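Peer 1: sequence and predicted structure, then a few things I'm wondering about:
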There are 2 protein chains.
Amino acid sequence: MAEENRFEHIANRLRRGILRGDLAPGSPIKERDNAAEMGVSRTPMREAIRQLANEGLVVLRPSRSPIVADPSWKEISDCMDLVRALELLSGELACAKATDEEIDQIAAIQARMEAESDSIDEIDLFEIDMEFHVAIVRASHNIPLAETHRSLLSRLWRARFLGSRAGRNQDRVFAQHQAILAALRARDAAAFQAELRNHLSILKQQIRQFYQEVEEETA
Amino acid sequence: MAEENRFEHIANRLRRGILRGDLAPGSPIKERDNAAEMGVSRTPMREAIRQLANEGLVVLRPSRSPIVADPSWKEISDCMDLVRALELLSGELACAKATDEEIDQIAAIQARMEAESDSIDEIDLFEIDMEFHVAIVRASHNIPLAETHRSLLSRLWRARFLGSRAGRNQDRVFAQHQAILAALRARDAAAFQAELRNHLSILKQQIRQFYQEVEEETA
DNA sequence: GTGCAAAATTTGGTATACCAAAATCTGTTG
DNA sequence: CAACAGATTTTGGTATACCAAATTTTGCAC
């Protein structure tokens, strides 16, 4: 994956920690302590924290330690609405501009997902799911769109992961992906968007359910 | 406006320079030289450059000076498609959720724009135009959406400014803004989106024209 | 025990110095 | 004159030290 600067390395490490839940939402990330702990100076740690901050994974507070973001359901929901809008646009563009090779690649991702679904790690499987969506957006041939989408997805990663784990409906997800793929193959933007809407609305529903359960437990 | 850190100050200054065209697209921004020139150390200059980089205004190259971004027409066009998608979503949400006060505020912005149109600076007028669009997005009550939109707008600022200057059709813009506003007042999402599409397509057309003229001159 | 003021700590921000990699310049050699 | 190897410069990255603002703790007085 190319060269990895120290601060990128730290950022990745922190990101993983946050997304896997090792660093609890709301817990502080002290610049100095954390840097010392990982054996680096403040400088790269600073950059890493900034990076995660503008990915939305940590929040900076004036004169206070940065803390791991703890998004409300509203925030998650807002992000998902945004992701939906971006993927709908991607669908329109991809149906018009994607090359046949790109569509084959997307299909290959889905095939891989189905093939490995019961032999691999929960997290790895989920990563493939994300890849599927990312590949579709990339097929739009709109780079700023792809970048924006990627950044939002990483912000939603944890919520989507927890939701999908709670959901336990792999087969239905596969069917939805296949339907989306078929629409793309047919270059039928309207069908694509309909299927995508359906897929994402189910996903969102799942996550909402998960958040409600957590709230009930907390209350 | 809050407090302004040194690096924010530098970032703003550089941004203005880029957007106004004082720093030509493609010209290098040397960390050290630039820092010395502005009487600060490398540290805040670094942060400022990073900031502008992830706003898309400068591009970082490995082992080379960062340079002022020089977006192609394709890139501008892609960003505008993205902005359009975001504003269309905002319209849908704003029609459903904006408060009457917010709508009044948007109307006030437009009124101010019309009132001051021939007494103020070209750039200031343009700033008000941007404010109008930002206010609509804010009325969606979707913060991630607003942030994403803001970041993209700043990236497009220069292109839109140059396009609008070339266009010289203030009255038509006013009419379009009023139409959008009326749809919002009526909470008619479909009408809102139709008017917005129209407005943005004209804007884009203008910018395209401008880019073509520049290309012809260069060729 | 309570309230408040002063001291100590924590924090972000900045300056400066150093290093290694990369790019560029330079001088020599064929 | 061309090509190539070595030296120099430029660049980004990192470590470290210092400062001021803000927070937190401490301790004294009532």
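Peer 2: Happy to help now that I have it.

Peer 1: CA only for contacts and neighbour counts going forward, please
Peer 2: Will do.

Peer 1: around DNA strand D, which positions in chain A sit nearby?
Peer 2: Neighbours of DNA strand D within chain A, by CA under 7 Å from any atom of the strand: A:5, A:6, A:7, A:39, A:40, A:41, A:42, A:43, A:44, A:63, A:64.

Peer 1: report how many residues lie close to residue A:212.
Peer 2: Neighbours of residue A:212 under the rule other CA atoms under 10 Å in any protein chain shown: 13.

Peer 1: can you tell me the average pLDDT over the helix or strand hosting it?
Peer 2: Under the criterion of DSSP states H and E, residue A:212 resides in helix A:189-218. Per-residue pLDDT over helix A:189-218 has a mean of 90.

Peer 1: wait, does it contact chain B?
Peer 2: No. Figure legend: helix A:189-218 not in contact with chain B (CA under 8 Å from any CA of the partner chain); closest approach 13.8 Å.

Peer 1: need the residues of chain A near chain B, please.
Peer 2: A:75, A:78, A:79, A:82, A:85, A:86, A:89, A:142, A:143, A:144, A:145, A:148.

Peer 1: ok, how many other residues are close to the nearest residue to the second one once chain neighbours are set aside?
Peer 2: Yep, that's residue A:78 we're talking about. Leaving aside its sequence neighbours, residue A:78 sits nearest to residue B:142 (CA to CA, 6 or more residues apart in numbering or on different chains; 5.7 Å). Neighbour count of residue B:142, defined by other CA under 10 Å: 22.

Peer 1: buried sites along the helix holding residue A:212?
Peer 2: Of the residues in helix A:189-218, A:189, A:191-193, A:195-197, A:199-200, A:202-204, A:206-208, A:210-211 count as buried by neighbour count, 16 or more other CA atoms under 10 Å in any protein chain shown.

Peer 1: one more: stretch A:103-120?
Peer 2: A:103, A:105, A:106, A:107, A:109, A:110, A:113, A:117.

Peer 1: closest to residue B:93 out of those residues?
Peer 2: Nearest to residue B:93 out of the buried residues of stretch A:103-120 is residue A:106 (CA to CA; 31.6 Å).

Peer 1: so what's the closest one up against?
Peer 2: A:132, A:135, A:136, A:181 (CA atoms under 8 Å, 6 or more residues apart in numbering or on different chains).

Peer 1: what sits closest to the residue sitting nearest the centre point of chain A if chain neighbours are left out?
Peer 2: Central residue of chain A (CA atoms, centre = their mean): residue A:153, 3.0 Å from the mean position. Closest residue to residue A:153 in three dimensions, ignoring its sequence neighbours and counting by CA to CA, 6+ apart: residue A:83, at 7.5 Å.

Peer 1: which of the helices or strands spans the nearest residue in space to residue A:178 that is not next to it in sequence?
Peer 2: What sits nearest to residue A:178 in space, not counting adjacent residues and going by CA to CA, 6+ apart, is residue A:110, at 7.8 Å. In the assignment (DSSP H and E), residue A:110 maps to helix A:100-116.

Peer 1: okay if I get the residues of chain A next to chain B as CSV plus secondary structure, pLDDT and distance to DNA strand C?
Peer 2: Shown next, in CSV, are the residues of chain A next to chain B (DSSP: H, G, I helix; E, B strand; the rest coil; pLDDT from 0 to 100; distance: CA to the nearest atom of the strand, whole Å):
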residue, secondary structure, pLDDT, distance to DNA strand C
A:75, helix, 94, 23
A:78, helix, 97, 27
A:79, helix, 97, 26
A:82, helix, 98, 29
A:85, helix, 98, 33
A:86, helix, 98, 32
A:89, helix, 98, 36
A:142, coil, 98, 28
A:143, helix, 95, 24
A:144, helix, 96, 26
A:145, helix, 97, 29
A:148, helix, 95, 25
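
Peer 1: tell me the pLDDT at residue A:124?
Peer 2: Listed pLDDT for residue A:124 reads 86.

Peer 1: is any residue of the host helix or strand of residue A:67 near DNA strand C?
Peer 2: Under the criterion of DSSP H and E, residue A:67 resides in strand A:64-68. Yes. Using CA under 7 Å from any atom of the strand, strand A:64-68 reaches DNA strand C at A:64, A:65, A:66.

Peer 1: count of neighbours near the second one?
Peer 2: For residue A:65, the number of neighbouring residues by other CA under 10 Å comes to 14.

Peer 1: wait, it sits on residue A:29?
Peer 2: Yes. Applying CA atoms under 8 Å as the test, residue A:65 and residue A:29 come out as touching, 6.1 Å apart.

Peer 1: just the buried ones from the residues of chain A next to DNA strand D?
Peer 2: Buried among those (16+ other CA under 10 Å): A:7, A:42, A:44.

Peer 1: the last one: which element?
Peer 2: For residue A:44, the enclosing helix or strand under DSSP H and E is helix A:42-55.

Peer 1: contacts for that helix, please.
Peer 2: Helix A:42-55 has contacts (CA under 8 Å, 6+ apart) with A:6-8, A:10-11, A:15, A:31-32, A:34-35, A:58-60, A:151-152, A:154-155.

Peer 1: just the CA coordinates for that helix, please, in CSV.
Peer 2: Extracted C-alpha coordinates of helix A:42-55, given in CSV (Å, rounded to 0.1, in the frame of the first residue of the first chain):
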residue,chain,number,x,y,z
ARG,A,42,3.8,14.8,19.7
THR,A,43,4.2,16.0,16.2
PRO,A,44,3.0,12.9,14.2
MET,A,45,0.5,12.2,16.9
ARG,A,46,-0.9,15.6,16.4
GLU,A,47,-1.2,15.1,12.7
ALA,A,48,-2.9,11.7,13.2
ILE,A,49,-5.4,13.1,15.6
ARG,A,50,-6.2,16.0,13.2
GLN,A,51,-6.7,13.5,10.5
LEU,A,52,-9.1,11.4,12.5
ALA,A,53,-10.9,14.5,13.6
ASN,A,54,-11.7,15.5,10.1
GLU,A,55,-12.8,12.0,9.3
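
Peer 1: pull the distance from that helix to the chain's centre.
Peer 2: What separates the centre of helix A:42-55 from the centre of its chain is 19 Å, taken as CA atoms, centre = their mean, to the nearest Å.

Peer 1: and residue A:141, helix, strand or coil?
Peer 2: Judged by DSSP: H, G, I helix; E, B strand; the rest coil, the three-state class of residue A:141 is coil.

Peer 1: same question, residue A:71
Peer 2: Following three-state DSSP, the label given to residue A:71 is coil.

Peer 1: look up how far residue B:140 lies from it.
Peer 2: Residue A:71 sits 18 Å away from residue B:140, taking CA to CA, to the nearest Å as the criterion.

Peer 1: what do you get for residue A:50?
Peer 2: 27 Å.

Peer 1: show me the contacts for the closest residue to residue A:190 other than its chain neighbours.
Peer 2: Nearest residue to residue A:190 in three dimensions, chain neighbours excluded: residue A:92, at 7.9 Å (CA to CA, 6+ apart). For residue A:92, the contact set (CA under 8 Å, 6+ apart) comprises A:140, A:189, A:190, A:192, A:193.

Peer 1: that concludes my questions; thank you for your assistance.
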